[in-house]
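**Q** Got a predicted model here, sequence first, then my questions.
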Amino acid sequence: EDVEEGAERWGKPHVASLSFHSLLELRRGLEQGTLLLDLEATDLASIVDKVVENMVIKDLVDEETRGKLLRTLLLKHKHVNERTAFLRRTPSYSNLTSLEW
C-alpha cells in the first residue's frame with residue numbers, strides 16, 4: 001500500500017486479500033508437503049529427483065510409485081491449444097476454388 005499524498009492515509013492495497021480457506025490450504029501444504037529451499041540442482045531432472053526422493057522419505061509416495069511419478073513429472077507437456085495434425089489440412093476456400101463446374 002502507498003500513502004496518498006496530501007490525504008495522510010493509506011491507499012488501496014495492490015495485492016488481493018486471501019480467503020481463510022486459502023490460508024488453511026497453504027498451512028496444510030507447508031506442514032504436510034515437500035518444501036526444499038536450498039536445493040543444489042541445475043536442471044529439471046535433478047530437481048524432480050530430489051523432490052520425489054523427499055516425498056518418499058516423508059511417506060507421501062511409496063517406493064512402488066516413485067518411478068511412475070518421476071516419469072510423469074519429466075514427460076514433455078503439451079498445451080491444449082498446441083496440437084499438431086497428422087495430415088496437413090488446406091483451407092476449405094482453396095478446395096472450393098479448385099473444383100471445376
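**A** Done, it's in.
**Q** which stretches of the chain aren't confidently modelled?
**A** Counting by pLDDT under 70, the chain has low-confidence residues at 1-2, 4, 7, 83-101.
**Q** Is it correct that residue 55 is in contact with residue 34?
**A** Yes: taking contacts as C-beta atoms under 8 Å, residue 55 lies within contact range of residue 34: 5.2 Å. C-betas here are computed from N, CA, C, even on glycine.
**Q** shared neighbours of these two, anything?
**A** Shared contacts of residue 55 and residue 34 (C-beta atoms under 8 Å, 6 or more residues apart in numbering): none.
**Q** ranges for the helices of this protein?
**A** For the chain, the helices defined by DSSP state H cover 20-32, 44-57, 63-74, 92-97.
**Q** Please identify the buried residues of the third one?
**A** Which is helix 63-74. 69, 70 (16 or more other C-beta atoms under 10 Å).
**Q** Please enumerate residues in contact with it?
**A** 44, 45, 48, 49, 51, 52, 55, 56, 61.
**Q** what's the angle between that helix and helix 44-57?
**A** Calculated by axes from the mean of the first three to the mean of the last three C-alpha atoms, to 10 degrees, helix 63-74 forms an angle of 150 degrees with helix 44-57.
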